[in-house]
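Enquirer: model this:
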Amino acid sequence: MKSGCLAARASVLALAMAASAGSAQSIDPLAEKFGARESVHDIGISPEGRQIVLVAPRPDGGENAVVVSLADGSAEPILGAEGRTEQLTGCRFVIETHLVCGIYLRKGAGRNVEAATRLVSVTADGSKMQQLSAQARAAAYYDSNYGGAIVDYNVEGNPNAVLMTRYFAPERVTGSVGASRAEGLAVEEVDVVTLDRKRVEVPRDNAIWYASDGLGHVRLMGTQPVRESGYAKREYNFSYRPEGGSWTPLSQVTIDAGLSTGFEPIAVDPRENVVYGLEQRGNYSALYKMALDGSRTKTLVLGRDDADIDSVIRIGRNRRIVGASYATERRLYEFFDPELKALVTSLGRALGADKQVAIVDATTDENKLIVYAGSDRDPGAYFLFDKTSKQLAQLFPARPELAGIALGEMQAVQYPAADGTMIPAYLTVPPGSDGRNLPAIVMPHGGPSSRDEWGFDWLSQYFVAKGFAVLQPNYRGSSGLGTQWFEKNGFQSWETAIGDVNAAGRWLLDQGIAAPDKLAIFGWSYGGYAALQSQVLDPDLYKAVVAVAPVTDLDRLREDSRESSNFLIVDNFIGHGPHIEAGSPARHAGAFKAPVLLFHGDADVNVGVNESRLMRDRLRGAGKSVEYVEFKGLDHYLDEPGPRSQMLSQSAAFISGALGL
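Expert: The predicted structure is shown next:
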């Protein structure tokens, strides 16, 4: 396998990341390097393989999209977003001369944040941009907040077209007898060159999702019934369209405390005329395929007795299904396609045996692939592989700022919970350290319907570079480890989840990894909630608490979703009962002994900024030590290098001060 490189790739990356204003500032140089966003926000290849599109972050926030010629490495900027109020979510080629890009728009703060999406068509030379989302009209039928989603990039008979969803609301025009009463989610075929539109699926009330077969035919539909109150029920009904037939019931999925029951379709394989989907198989989620010939015969494709199958692997312009994925100690990929299985194995050997390899995109004929490879100690890079020439060329590093910085090895470990259950976790210690008598941080993940996985982690590696040992527990309440492990989720079963988090800290001390009185906890989102709630269970364990965008009161979290159509799902997830009072850290500020540092963006739509403001006020009212940093205009992810670097630097200084380092 021959190795090569893209001409002038460094200058291409610099062009993509260029901005009109200055760069992020940080007191700590390491925080500035680790706080920088990944250089590749999104990347894709054109249908014929002559160009790639790179979406890269700007140093002052926002993103730039650049089209790069694979013949000579020349680059053409095509679109930019300034950040905070607008973001580029990604770009993909439809034909060699035109791309579709997604834009996320946001304004307001606190409980008055408004968000909207738009899809635009952009020429590959950047000379013309047109809005692909249907234009909003006063007193008309289009919901201006939702700009639609791409259902299929491959439409038979019209290579210039995509299938995309569009939401219709009934016209409300006083005195008009001709106003449209069409309501619901529809699918349209839209030409990205001419903007000609043709309705493919009529608006259907309660429709929330459509999927095609990768050939431009809509084959799957999901609906969510709504109560008279306007709130959506905790169930999804799925239908399929037989070849040349009408919509036919397929399956029903119900949601209880975050767990799904029933066959949940993902994608159609038109060659076999089947739909792939996930469903519980005993304690774990498995991948099945169901026949679409009317029999609905269901066949097990892949199941494990130690992990949930959580996704399918798709490739090419028609999103062909070629495998499935799951995570044990590491993320593993099972390929159904023997050729691709052999290819990925070969690429893994060429790029390094310890690296994880993933196919990111492919040309129409699948002869050229964009591949990502990385590991725990390597932030990774993107490569171009040509099957015909067998040439492998590096395109862009994911985090060039970290070149030359030694990173810690992420080791899978287990530790005992209070009831003796062994909890899986990842331990990372500073390179060159013997892993003993260190300042240490327990870092619970967000979610809670999520899990940590082996691989590069900018948060944990920053603290490791600062000399800390970091333990990341997959506490009970985490997803991917089966329904029994999930229990009733990390809120309703908070005592178990937070007990597991605190057991992680005690294990670090018992093993001599953490030095006495040198233990802190850091968490983001649910992880921030866990960091705060750890003080309620055991206020003497951690000597410093850092919480980013945390939940602090379960009833407030519930009420913040009351105006959402999915309120019943959120309400059911949080639950009712004594755990609301006991499991809300803001109601137990008097129990805190460790100093607390809070961060939150005031435009957070995931966890409202009032959660952190409440925690700050309660801690101050109880005479406790608390510092609070609020970022204006930023959302849940603090997705700008300056604020991220500030958060890292200030957190490290705060923890070091509290631990007497």
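
Enquirer: from residue 328, how far off is residue 424?
Expert: Look at residue 424 and residue 328: by CB to CB, to the nearest Å, they are 9 Å apart. Heads up, the C-betas are built off the backbone N, CA and C, glycines and all.

Enquirer: between these two, point out the one with more neighbours.
Expert: In this comparison of residue 424 against residue 328, neighbours counted by other CB atoms under 10 Å, the higher total goes to residue 424 at 19 against 15.

Enquirer: what touches both of residue 424 and residue 328?
Expert: Common neighbours of residue 424 and residue 328 (criterion: CB atoms under 8 Å, 6 or more residues apart in numbering): none identified.

Enquirer: how about the longest helix seen in the chain: buried residues?
Expert: Taking DSSP state H as the assignment, the helix of the chain that covers the most residues is helix 641-659. Of the residues in helix 641-659, those buried by neighbour count under the rule 16 or more other CB atoms under 10 Å are 641-656, 658-659.

Enquirer: which parts of stretch 290-309 are buried?
Expert: In stretch 290-309, the ones that count as buried by 16+ other CB under 10 Å are 290, 292, 298, 301, 302, 303, 304, 307, 308, 309.

Enquirer: can you read off the pLDDT for residue 25?
Expert: Note on residue 25: pLDDT of 44.

Enquirer: quick one: the helices in the protein?
Expert: Counting by DSSP H, the segments of the chain that form helices are 9-16, 29-35, 338-351, 458-465, 483-486, 489-492, 494-510, 526-537, 554-559, 567-574, 578-582, 610-621, 641-659.

Enquirer: list the contacts for residue 583?
Expert: If you count contacts by CB under 8 Å, 6+ apart, residue 583 has them with 491, 494, 495, 533, 554.

Enquirer: before we move on, what about residue 83?
Expert: Residues counted as contacts of residue 83 (CB under 8 Å, 6+ apart) are 58, 60, 61, 62, 63, 639, 640.

Enquirer: taking those together, which two end up most distant?
Expert: 60 and 639 (12.3 Å; CB to CB).

Enquirer: and of the helices of the chain, who's closest to residue 187?
Expert: Of the helices of the chain, nearest to residue 187 by CB to CB is helix 567-574, at 24.6 Å.

Enquirer: quick check, pLDDT for the closest residue to residue 586 other than its chain neighbours.
Expert: The shortest distance from residue 586 to any residue other than its chain neighbours is 4.1 Å, reached at residue 552 (CB to CB, 6 or more residues apart in numbering). You'll see residue 552 listed with a pLDDT of 98.

Enquirer: residue numbering should commence at 339 henceforth.
Expert: Sure, I'll start numbering at 339, so the last one becomes residue 890.

Enquirer: what is the burial count for residue 890?
Expert: The tally of other residues near residue 890 (other CB under 10 Å) stands at 27.

Enquirer: isn't it right next to residue 950, touching?
Expert: Yes - counting by CB atoms under 8 Å, residue 890 touches residue 950, with 6.8 Å between them.

Enquirer: re earlier: how about the contacts of residue 421 in CSV, adding distance to residue 801 and pLDDT?
Expert: Below are the contacts of residue 421 laid out as CSV (distance: CB to CB, whole Å; pLDDT from 0 to 100):
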residue, distance to residue 801, pLDDT
396, 26, 91
398, 26, 83
399, 24, 87
400, 27, 92
401, 27, 95
977, 20, 92
978, 20, 91
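
Enquirer: quick one: these as TSV, columns for neighbour count and distance to residue 775 too.
Expert: Shown next, in TSV, are the contacts of residue 421 (neighbours: other CB atoms under 10 Å; distance: CB to CB, whole Å):
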residue	neighbour count	distance to residue 775
396	23	42
398	17	42
399	24	40
400	20	44
401	29	43
977	19	36
978	24	37
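
Enquirer: if we can go back for a sec, residue contacts, the residue nearest to residue 924?
Expert: Neighbouring residues of residue 890 by CB under 8 Å, 6+ apart: 867, 870, 922, 923, 924, 949, 950, 952, 953, 956.

Enquirer: for the nearest residue to the third one once chain neighbours are set aside, what are its contacts?
Expert: Distance criterion CB to CB, 6+ apart; nearest residue to residue 922, sequence neighbours excluded, is residue 891 at 4.5 Å. With contacts defined as CB under 8 Å, 6+ apart, residue 891 is in contact with 922, 923, 924, 925, 949, 952.
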